[in-house]
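Undergrad: Here's a sequence, model it:
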Amino acid sequence: MTTWGNGDEGTWFEVQISVPWVVAGTTGVQDAINIAVSEVGKRVNQTSARYSEIVVQDVACPSCGYEYEAALSTTDFALVVLTVVAQFPGESGEESSRVAKRELGQRMKDIPLTVLGVRRATSERNVETETDATPEYEAEAREIPERESLNLKEVS
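TA: Next up, the predicted model:
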C-alpha cells in the first residue's frame, strides 16, 4: 500500500462520487440541503483529498424537463443526493476510485457510494479526461472553472 501525503507527489485523479444523505429533524428542504452538505463536507475534510467540491445533484421532471435539486423532505426526514468531486492520489483512475471509496466509506458507514466518473488532475483546478467518465460528467468538467460560487474547499 502506497502512503500518500497531502503534497503534490505522485499522480492525482479527480473522482466524482454520488452520495445519498439522510437528514433527520429538518424543517424544510433548504435546511436539509445545508445540513447534508455540512455533514458530508466534514467527512471529506478528514480524507487525503487535496481539493473537493460538494454540489446537490439535479434531477429532471420526466414530463416537462424542468431540473430541480435532488432533495426529498418528509415530516421529520429528508434525503439529499449530493455529488462529491474530490482529487485523490493513485497510479490510475481505478486506483484513485478505490482510494476515494475506501476513505469516504470509512467515514460514511452504511452509505452507498457510487463513482460517477474519474479523470486525471493536472493541478488542483485543471483536469483532463482520464477514464470512462459519463458524457454529462465530461460536459460538467468543462464548466467547473466557471462555477466559482459553489462550495469549494482546498486541502493543504
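Undergrad: can you tell me which helix in this structure is longest?
TA: With secondary structure taken from DSSP state H, the chain has its longest helix at helix 29-45.
Undergrad: now the angle from the next helix-or-strand element following it to helix 29-45?
TA: Note on helix 29-45: by DSSP states H and E, the next helix or strand toward the C-terminus is strand 51-56. Taking axes from the mean of the first three to the mean of the last three Cα atoms, to 10 degrees, one finds strand 51-56 and helix 29-45 inclined to each other by 160 degrees.
Undergrad: Adjacent strands (with direction) for strand 51-56?
TA: strand 77-89 (antiparallel), strand 151-154 (antiparallel) (DSSP bridges).
Undergrad: Quick one: closest of those to V118.
TA: V118 lies closest to strand 77-89 among the strands paired with strand 51-56, at 9.2 Å (Cβ to Cβ). C-beta coordinates here come from the backbone N, C-alpha and C atoms, glycine included.
Undergrad: CA atoms only: put that closest one into PDB for me.
TA: Coordinates of each C-alpha in strand 77-89 appear next as PDB, following Å, rounded to 0.1, in the frame of the first residue of the first chain:
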ATOM      1  CA  PHE A  77     -36.600  13.200   7.500                       C
ATOM      2  CA  ALA A  78     -35.100  14.300   4.200                       C
ATOM      3  CA  LEU A  79     -33.000  12.600   1.500                       C
ATOM      4  CA  VAL A  80     -30.500  14.800  -0.300                       C
ATOM      5  CA  VAL A  81     -28.400  13.400  -3.200                       C
ATOM      6  CA  LEU A  82     -25.000  15.000  -3.300                       C
ATOM      7  CA  THR A  83     -22.100  14.800  -5.800                       C
ATOM      8  CA  VAL A  84     -18.700  14.900  -4.200                       C
ATOM      9  CA  VAL A  85     -15.900  15.800  -6.600                       C
ATOM     10  CA  ALA A  86     -12.500  15.300  -4.900                       C
ATOM     11  CA  GLN A  87      -8.900  14.800  -6.000                       C
ATOM     12  CA  PHE A  88      -7.300  11.600  -4.700                       C
ATOM     13  CA  PRO A  89      -3.800  10.100  -5.400                       C
END
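Undergrad: All set now, cheers.
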